[in-house]
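[1] fold the following, please.
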Amino acid sequence: MNNKLQVEKLNEIINPSRHSRGNVNEVLPFAANDSKALLKGDFKPIVGEFARQVAEEKLSDEEDPLKIKETPDSENYSIVKEMTAEVEGATAEKYDLERLLKKLLFHDQDSDVKVLHPYIFKYYPLTSKKKKSLEKKVAKFLKDVLVNNSREEVSKSFVKQGNEDLLVSMILDHLDELNSVQNAKSYQNLLPNLSELFVDDFFFISKYEDYFLENFQVLLQHYYFVYVSQLTFAFSKLENGSLSKVEPLFYTLDWESLNKRRKAFDGVYNFRNLREKSQSTFIHVHVQSQLSHNWLNEDMKFMSYAELYDLLNEEVSAEEKDAFLEDIKEWLTVYGDKMGVEVPINISSINEAFSALFTMLSKGMSEEVSRNYGKLIEDAAYGKFLKARGSLGQTLNITQDFLLLLTALAVKDKGRIPLKQLFEEFEKRGIALDQYSRKETMILLDNLNIIEKKSDSGDAQYVKSIL
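    Residues are numbered from 1 along each chain as shown. The predicted structure follows:
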């Protein structure tokens, strides 16, 4: 053995009943059994936990922070009673104040809290025990990979400023104090360019409080979906999967009529292909984790196919590269004997070895577990970004409100940008539109007076700032 790949260590941690990833960094927040309690678009608990994670705070009561469930009568919210108990005055006046506070703090139809200030995001509760574990993991994952080194600055967007109006200040002051907690980083960021873009978008909309309150949740969910879908497609390409650029997926507009020839259905980068490729993501994570047990990786970080392939071709000697290939071939033999899987022969290159290891793990790991893991990746799109299109199936979808948010983020405070640049900015954020969707986008923006034409012919068109 050449000791370039830790074959003995892999032999220790992997057996027919369990494929352990060892001490390699985590890159996705999923376990296969999480698929028993999918989010299904219910993203509010993750928004709340994310806000607490970046602030390094936690709730005393994670499922009922506003003590709503303690009072079965929906007219008797204890937090409202708490606030009005300190107010002196006639009973009728207290009753009027209670009604006003309830109207401010809660939606009419249920006990769902209204976000009247960014600080309130921290009081979004987690759900039942079934989903709570996944909600916490996803929120922590998003904090680790999207916020990264900007945690302290991002956390400032969720604090009380001290200049709130009287009623809002009264509500904020009566919320239970959050407990301080220090959270170690758990997930390795593989898409730093996407994270940088998220932070930039976050800071931009946080300057406009009302817009931030309305759009922060969909912004966070969008970046969650883009991140996990980008990893899925990149991993499926093995050593050719670039993590340095975004490969946008094709979306359609909510109000469009569609046919099966559209790229959102008949192309490579769409939801249908994402669903197919997500069935193998669990296997790809394990293959790359095994390959990360190598002599170049003392810190045991997760090394992608592409990163390792480039290192082997650019940074190490031919002798070391050959020795690593021999170690992979030895591990293939050990794994094949252990799992009862046929070992491929005539492997003569690193990329052939990567492909062979993936094929062997595909046979040695549970198909059901891999499918369940894939469901968690699909689940990231549910709610906001999927629409059933009858016999065509589901497509990635953009509503008018989401399109306007994307436009606001694309233009920011530049005043205006060329129309062509608008679609380039969409693609940076993981969204591609075909020619038909682009035309519909132009019509909508023109109707809303957001398109500016430089000449009567309309040859030079610009998109104006929304905020």
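
[2] residue 182 - how many residues pack around it?
    5 (other C-beta atoms under 10 Å). The C-beta positions use only the backbone N, C-alpha and C, and glycine is treated the same way.

[3] please tell me I have it right and it contacts residue 56.
    Yes: here residue 182 reaches residue 56: they are 6.0 Å apart, a contact under C-beta atoms under 8 Å.

[4] what mean pLDDT would you report for the helix or strand hosting residue 320?
    Here residue 320, judged by DSSP states H and E, is contained in helix 318-339. Confidence for helix 318-339, expressed as mean pLDDT, is 97.

[5] kindly report the same for stretch 364-381.
    Averaged across stretch 364-381, pLDDT comes to 96.

[6] contacts for it?
    Counting by C-beta atoms under 8 Å, 6 or more residues apart in numbering, stretch 364-381 makes contact with 16, 19, 30, 32-35, 38-40, 134, 221, 224-225, 228-229, 232, 271, 274-275, 278-283, 286, 335, 339, 341, 362, 396, all of which sit outside it.

[7] the residues you listed in strands, which ones?
    Restricting the contacts of stretch 364-381 to those inside strands, with DSSP state E as the criterion, leaves 19, 396.

[8] restricted to helices, list the contacts of stretch 364-381.
    When these are checked against helices (DSSP state H), the matches are 134, 221, 224-225, 228-229, 232, 271, 274-275, 278, 281-283, 286, 335, 339, 362.

[9] in PyMOL, how would I select the buried members of the contacts of stretch 364-381?
    Applied in PyMOL, the following selects the buried portion of these according to 16 or more other C-beta atoms under 10 Å:
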select buried, resi 19+30+32+34+35+38+39+134+221+224+225+228+229+232+271+274+275+278+279+280+281+282+283+286+335+339+341+362+396
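
[10] and the lowest-mean-pLDDT helix or strand in the chain, what does it pack onto?
    In the chain, no helix or strand scores lower on mean pLDDT, DSSP states H and E than helix 78-85, which sits at a mean of 74. Using 3 or more C-beta pairs under 8 Å, 6 or more residues apart in numbering; DSSP states H and E as the contact definition, the elements that helix 78-85 packs against are helix 91-105.

[11] can you give me the angle the helix it packs on makes with helix 78-85?
    With axes from the mean of the first three to the mean of the last three C-alpha atoms, to 10 degrees as the criterion, the two stretches helix 91-105 and helix 78-85 enclose an angle of 140 degrees.

[12] wait, what's in contact with the nearest residue to residue 233 once chain neighbours are set aside?
    Once its chain neighbours are removed from consideration, residue 233 has its nearest residue in residue 247; the separation is 5.7 Å (C-beta to C-beta, 6 or more residues apart in numbering). With C-beta under 8 Å, 6+ apart as the criterion, the residues that contact residue 247 are 230, 233, 234, 269.

[13] ok, and the most crowded of these?
    Scoring the contacts of residue 247 on neighbours with other C-beta under 10 Å, the highest-scoring entry is residue 234 at 24 neighbours.

[14] make sure that residue is indeed in a helix.
    Yes: with the criterion set as DSSP: H, G, I helix; E, B strand; the rest coil, the secondary structure at residue 234 is a helix.

[15] could you list the domains of the protein?
    The record, using automatic domain parsing to delimit domains, assigns the chain the ranges 32-186, 245-257+384-464.

[16] got the end-to-end distance for the longest one?
    The reference is to domain 32-186. Using C-alpha to C-alpha, to the nearest Å, one end of domain 32-186 lies 18 Å from the other.

[17] do the last one as well
    With C-alpha to C-alpha as the measure, the first residue of domain 245-257+384-464 is 27 Å from its last.

[18] so what's the nearest residue to residue 376 once chain neighbours are set aside up against?
    What sits nearest to residue 376 in space, not counting adjacent residues and going by C-beta to C-beta, 6+ apart, is residue 30, at 4.5 Å. Contact criterion C-beta under 8 Å, 6+ apart gives 134, 137, 373, 376, 377 as the residues in contact with residue 30.

[19] what about the closest residue to residue 277 other than its chain neighbours, how many neighbours?
    The spatial neighbour of residue 277 that comes closest, neighbours along the chain excluded (C-beta to C-beta, 6+ apart), is residue 236 at 4.5 Å. Other residues within reach of residue 236, judged by other C-beta under 10 Å, total 18.

[20] cool, residue 390 as well?
    Other residues near residue 390 number 6, with proximity taken as other C-beta under 10 Å.

[21] state the distance from it to residue 396.
    Using C-beta to C-beta, to the nearest Å, residue 390 is found at 16 Å from residue 396.

[22] what of residue 334?
    42 Å.

[23] and if you look at residue 437?
    11 Å.

[24] list residues touching both of those two?
    Residues touching both residue 437 and residue 396 (C-beta under 8 Å, 6+ apart): 251, 252.
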